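K.L.:
got a structure for you, letters missing:
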């Protein structure tokens, strides 16, 4: 018998909404159980249906963990009834009926199977993050429902999204789950402190571990470099209070993630140092205290390269609320914000969707391959025309489109590679010149956003320096090698 969760009370209304509208917007707080229980209930409703229930997760780690948890609930191994597909990993079989994956993987599937003929229900988890691939898959699914796949059902889930606005756009039924939460005491760092972030974090961790009501602590940080600095700075405080640290970030291997989430010894508390992946994508037990740096990495287009880059910025208000909520899952909690209350009120309520701020070249190439006019797709937020024009101009410069705007043989070859069109063109050019191995590694290196620590006067280009860089971490070298192998296979 499964443990009762708040989401269980609204599962029948979800089924009713799908029957009446074909599309449901589900508003449920973090921890309500929507990621695991909704797919299971869909499977139970149609146990003999051969088509899949596909759940789109915002991050690879979330897809892995959710699939593992749901498979465990069914007392099965991952890859049987429940599996996952992410870049570099496919843990599915012919038996798989619930598949967790990232939207990027599904975009690649659309390129090969535009009608998504083997999918019965598409579930968009944590849709409020509004990644470009999620917006495109939703727009494409709506296009299919209006044309060749009226039977395709959609569920859009979020803890913070405004359900009325999105339901009106999608002509969807709205279902709400009350969730289960406890009061949270919020404390702001109102005095200006010029100390480096890792010093402030270590000081706050020590103080919070000293409180009698503190169990495990979750610290939100902007990236892996900040996590490593804070991990080192917190060592003395952890020893003093018989605690351990664990790190969580999106590029972890499955084994690293499992190790990080493994319960500690009895009497030992855990300080989790995490990126915003822990806002919603990971379930952590016994978190009573959140320490919020107020920072994250946001994707935007680089004006110099045209590629998407990550910039460290202050979080929007909905992220601050989401982070604080992690402290109130199992009992009364406490959130310490390392920024002034005025800093939060000056931030936007939510980030603009990525479709309004990142490069569209890769998406434009896919649409040309599918021979679909970008203006005919029912976008939730229509991309700005100037961004489409810039993307088409670049595709023409790369030889992917001819002078009439039609895709070329080169463009079709570029679209088969799991890379931005600029990098795909690099790979194909190096292949033409007989240097396929170097081209694949150069593209993989650039795709991992790795650069040499400091430019030297005698280095001709930073790509070559990165290729020759012996100081990159084992994790980075492993990621580059996996990507290189995938590119060469493609």
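P.N.:
Yes, it's here. The shown structure was predicted, so the numbers you read here are calculated from the model rather than taken from an experiment. Residues are numbered from 1 along each chain as shown.

K.L.:
so residue 434, which of the three states?
P.N.:
Of the three states, residue 434 takes coil according to DSSP: H, G, I helix; E, B strand; the rest coil.

K.L.:
I'd like to know how far it sits from residue 388.
P.N.:
Noted for residue 434: a distance of 36 Å to residue 388, by CB to CB, to the nearest Å. (Glycine included, C-beta is placed from N, CA and C.)

K.L.:
do residue 172 as well
P.N.:
From residue 172 to residue 388 the distance is 27 Å (CB to CB).

K.L.:
Let me know how buried residue 477 is, in neighbour terms.
P.N.:
14 (other CB atoms under 10 Å).

K.L.:
So for it, what's the pLDDT?
P.N.:
At residue 477, the model reports a pLDDT of 78.

K.L.:
if we can go back for a sec, give me the more crowded residue out of residue 172 and residue 388.
P.N.:
Using other CB under 10 Å as the criterion, residue 172 and residue 388 rank with residue 172 on top: 21 against 18.

K.L.:
quick one, phi psi at the residue nearest to that one when sequence neighbours are not counted?
P.N.:
Using CB to CB, 6 or more residues apart in numbering and skipping the chain neighbours, the partner closest in space to residue 172 is residue 23 (3.8 Å). Dihedral pair for residue 23: phi -140, psi 130, per degrees, to the nearest 10.

K.L.:
how close does residue 23 sit to residue 150?
P.N.:
In terms of CB to CB, residue 23 sits 11 Å off from residue 150.

K.L.:
and what of residue 372?
P.N.:
18 Å.

K.L.:
out of the two, which sits in the more crowded spot?
P.N.:
Per other CB under 10 Å, whichever of residue 372 and residue 150 has more neighbours is residue 372, with 14 against 10.

K.L.:
Is it correct that the more buried one falls within a strand?
P.N.:
No - judged by three-state DSSP, residue 372 forms no part of a strand; its state is coil.

K.L.:
so where do the strands sit in the stretch 151-300 of the chain?
P.N.:
153-158, 173-176, 184-188, 216-220, 243-248, 269-274, 287-292, 295-301 (DSSP state E, counting those that start in this stretch).

K.L.:
Highest mean neighbour count out of those?
P.N.:
strand 216-220 (a mean of 26; mean count of other CB atoms under 10 Å).

K.L.:
Not including adjacent chain positions, what is the nearest residue to residue 6?
P.N.:
Closest to residue 6 by CB to CB, 6+ apart is residue 32, at 4.5 Å.

K.L.:
what number of residues lie near the one you found?
P.N.:
24.

K.L.:
Retrieve the pLDDT associated with the residue nearest to residue 490 when sequence neighbours are not counted.
P.N.:
The spatially closest residue to residue 490, leaving aside those adjacent along the chain, is residue 417, at 5.1 Å (CB to CB, 6+ apart). Per-residue pLDDT puts residue 417 at 91.

K.L.:
part of a helix, is residue 417?
P.N.:
No - remark: residue 417 does not belong to a helix; assigned using three-state DSSP, it is coil.

K.L.:
for it, what are its contacts?
P.N.:
Residues counted as contacts of residue 417 (CB atoms under 8 Å, 6 or more residues apart in numbering) are 423, 424, 427, 428, 487, 490.

K.L.:
So among those residues, which ones count as buried?
P.N.:
Burial by neighbour count, judged by 16 or more other CB atoms under 10 Å, picks out 423, 424, 427, 428, 487 from the contacts of residue 417.

K.L.:
measure the nearest residue to the last one once chain neighbours are set aside to residue 385 for me?
P.N.:
Take residue 487 and drop its neighbours on the chain: the residue closest to it by CB to CB, 6+ apart is residue 440, 4.3 Å away. Taking CB to CB as the measure, residue 440 falls 35 Å from residue 385.

K.L.:
Those two: which has the busier surroundings?
P.N.:
Regarding residue 440 and residue 385, a neighbour count based on other CB under 10 Å identifies residue 440 as having more, with 26 against 10.

K.L.:
now for the strand or helix carrying that one, which elements pack on it?
P.N.:
When elements are assigned from DSSP states H and E, residue 440 belongs to helix 436-447. The helices and strands touching helix 436-447, judged by 3 or more CB pairs under 8 Å, 6 or more residues apart in numbering; DSSP states H and E, are helix 421-432, helix 462-468, helix 474-489.

K.L.:
related to what we said a few turns ago, same list, the strands of the stretch 151-300 of the chain, but as a markdown table with mean pLDDT and distance to residue 321 please.
P.N.:
Converted to a markdown table, the strands of the stretch 151-300 of the chain look like this (pLDDT from 0 to 100; distance: least, CB to CB, whole Å):
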| stretch | mean pLDDT | distance to residue 321 |
| --- | --- | --- |
| strand 153-158 | 96 | 13 |
| strand 173-176 | 96 | 17 |
| strand 184-188 | 95 | 10 |
| strand 216-220 | 96 | 12 |
| strand 243-248 | 94 | 20 |
| strand 269-274 | 96 | 17 |
| strand 287-292 | 96 | 10 |
| strand 295-301 | 83 | 14 |
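
K.L.:
need these in a markdown table with distance to residue 476, can you?
P.N.:
Compiled in a markdown table, these are given as follows (distance: least, CB to CB, whole Å):
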| stretch | distance to residue 476 |
| --- | --- |
| strand 153-158 | 33 |
| strand 173-176 | 43 |
| strand 184-188 | 36 |
| strand 216-220 | 23 |
| strand 243-248 | 15 |
| strand 269-274 | 19 |
| strand 287-292 | 27 |
| strand 295-301 | 16 |
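
K.L.:
so where's the chain uncertain?
P.N.:
Along the chain, segments meeting pLDDT under 70 span 1, 180, 281, 302-308, 449-466, 468-473, 475.

K.L.:
where do the helices sit along the stretch 301-450 of the chain?
P.N.:
Remark: helices assigned in the stretch 301-450 of the chain by DSSP state H, counting those that start in this stretch are 317-325, 341-345, 361-370, 385-397, 409-415, 421-432, 436-447.

K.L.:
This completes my enquiry, with thanks.
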